[in-house]
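Visitor: Sequence first, predicted model second:
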Amino acid sequence: MHPLLQTIKPYLIPVGATVLVTSVSVLTLLHITEHVDQHLLNQDQMTPLILNSPNSSAASIWFTRYHFQTKFLKVVPLALSNNMYLIQLANSNDFIIYNPSKLTPSIKLSLLQLLQERKGQLKYVIVGTEAHTMFFEDYLHSFDSTKALVPMERRNYFIKQLSNKSVAHRVLECHSDAQTGKVVLEEWNDPSIALYQLQTGNAMAISEMVMLEKSTKTLLVTDSAQNFDPQTTMVRKPNQESFLSKIYSRVCGVRDKFAVHRLIASAVKKPEKVKQILHAMRQELPQVENMLVAHGIPIVRSHQNMMEEYINAWREYI
């Protein structure tokens, strides 16, 4: 890390947060509101994203983007979108979801059609961080055999978010190897999938589960890296972008580019631990062609090695 950045690092979070909150609070007080037009913006089906192989017409990863309005810091109305990814396991007909979005009736129908077509089940819903608790419960109620995988030491927090505790027994806490961060789960038996817990050790993301899908050379992340683009923060079509989200993405350093989230990365308390985990991920999957993010534009069939791009993005902070 550059010496100057090391000097100012302790001040980045409080200064950045103060500027962000002050700016959006003033705008909010001035009654600048942005209501997301969900009817016009949200997709009604799972869209094929990555094929089994370059010569195949069958998809192995699908995605959908859900536009919604949230309360940043529980105060400021912020227009965001959330990418959900559906992955078919390489050695079976079963599926997992990474980063669940709202289970709308049309998305549920699309999922059921895919499961019936492929003669499979939805085995797991993987929730990458505790900031993403809004939507996972609906999948547990709608799919009887589905289990939710949540970050280490956060199971009790996720259970508290459940409106109906009858599905609490299907919320599983993931434990990871102390050195590599790789998730150890007895019932996880698919060699094409590897989960790692990126332990950033700060209030914004105590532990993030990132995923490697090795058969398609794909890396999936939740909040640690983002790639905000105007089309992902629209409030209504054709091209009215959220002004508040534009400010947010610039402050966080993820505007119109793939980058590590500045506020999360700057607050890392154990940089050597993050380096260890990133090294272990690179050893397991050295070459990554697809970088799938929860917020922003998925990068598919990149000519660059996205594992190296992800690690390089971290080097500014650790």
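Guide: Thanks, I have the structure now.

Visitor: show me where the stretch 1-150 of the chain has strands.
Guide: 47-51, 59-72, 76-88, 95-98, 122-126, 147-150 (DSSP state E, counting those that start in this stretch).

Visitor: Out of the ones you listed, which is closest to Met211?
Guide: Distance to Met211, taken as Cβ to Cβ, is lowest for strand 95-98 among the strands of the stretch 1-150 of the chain, at 5.6 Å. C-beta here means a position set from N, CA and C on the backbone, and glycine is covered the same way.

Visitor: Identify the neighbouring strands of that closest one in the sheet and state each direction.
Guide: strand 76-88 (antiparallel), strand 122-126 (parallel) (DSSP bridges).

Visitor: one step back: can you add mean pLDDT and mean neighbour count and give the strands of the stretch 1-150 of the chain back as TSV?
Guide: Shown next, in TSV, are the strands of the stretch 1-150 of the chain (pLDDT from 0 to 100; neighbours: other Cβ atoms under 10 Å):
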stretch	mean pLDDT	mean neighbour count
strand 47-51	91	17
strand 59-72	84	19
strand 76-88	86	23
strand 95-98	97	25
strand 122-126	96	24
strand 147-150	95	24
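
Visitor: out of the ones you listed, which comes closest to His132?
Guide: Comparison of these against His132 by Cβ to Cβ identifies strand 76-88 as nearest, at 7.6 Å.

Visitor: quick one, that closest one and strand 59-72 angle?
Guide: Computed by axes from the mean of the first three to the mean of the last three Cα atoms, to 10 degrees, the angle separating strand 76-88 from strand 59-72 equals 160 degrees.

Visitor: so where's this protein uncertain?
Guide: 1-34, 39, 53-58, 71-77, 200-206, 237-239 (pLDDT under 70).

Visitor: Name the residue closest to the centre of it, please.
Guide: Thr222 (2.0 Å; Cα atoms, centre = their mean).

Visitor: thought Leu244 was touching Ala79?
Guide: Yes: Leu244 lies in contact with Ala79 (Cβ atoms under 8 Å); the separation is 6.9 Å.

Visitor: Now do the SS call for Phe158.
Guide: Here Phe158 is helix, with the state taken from DSSP: H, G, I helix; E, B strand; the rest coil.

Visitor: show me the contacts for the residue nearest to it when sequence neighbours are not counted.
Guide: Nearest in space to Phe158, with sequence neighbours left out and distances taken as Cβ to Cβ, 6 or more residues apart in numbering, is Val150 at 4.7 Å. Residues near Val150 by Cβ atoms under 8 Å, 6 or more residues apart in numbering: Val127, Glu130, Phe158, Val171, Leu172, Glu173, Cys174.

Visitor: Nearest to Ile318 among those residues?
Guide: Glu130 (21.5 Å).

Visitor: Phi, psi for that closest one please.
Guide: Main-chain dihedrals, Glu130, degrees, to the nearest 10: phi -70, psi -10.

Visitor: Skip the chain neighbours and tell me the closest residue to it.
Guide: Arg154 is the one closest to Glu130 (Cβ to Cβ, 6+ apart), at 5.3 Å.

Visitor: follow-up on the earlier one: residues contacting the residue nearest to the centre of the chain?
Guide: Residues near Thr222 by Cβ under 8 Å, 6+ apart: Asn99, Gly128, Thr129, Ala131, His132, Ala205, Glu208, Met209, Val210, Ala294.

Visitor: Quick one: buried ones out of these?
Guide: Asn99, Gly128, Thr129, His132, Ala205, Glu208, Met209, Val210, Ala294 (16 or more other Cβ atoms under 10 Å).

Visitor: any chance of those in TSV, plus distance to Leu285?
Guide: Output for the buried ones among the contacts of Thr222, formatted as TSV (distance: Cβ to Cβ, whole Å):
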residue	distance to Leu285
Asn99	19
Gly128	17
Thr129	21
His132	23
Ala205	22
Glu208	17
Met209	15
Val210	11
Ala294	19
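
Visitor: The residue nearest to Glu130: neighbour count?
Guide: 19 (other Cβ atoms under 10 Å).

Visitor: didn't it look like it was pressed against Ser207?
Guide: Yes: in this structure, Arg154 is within contact of Ser207 by Cβ under 8 Å, at 6.8 Å.

Visitor: For the residue nearest to Glu130, give me phi and psi.
Guide: Torsion angles, degrees, to the nearest 10, at Arg154: phi -120, psi 10.

Visitor: what about it, distance to Val127?
Guide: 9 Å (Cβ to Cβ, to the nearest Å).

Visitor: ok, now Ala265?
Guide: From Ala265 to Val127 the distance is 21 Å (Cβ to Cβ).

Visitor: Starting from whichever strand or helix holds Leu220, tell me which strands it pairs with and how they run.
Guide: Per DSSP states H and E: Leu220 is located in strand 218-221. Note on strand 218-221: by DSSP bridges, its sheet partners are strand 208-213 (antiparallel), strand 290-293 (parallel).

Visitor: mind putting these in TSV, distance to Met307 included?
Guide: Formatted as TSV, the strands paired with strand 218-221 follow (distance: least, Cβ to Cβ, whole Å):
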stretch	distance to Met307
strand 208-213	9
strand 290-293	9
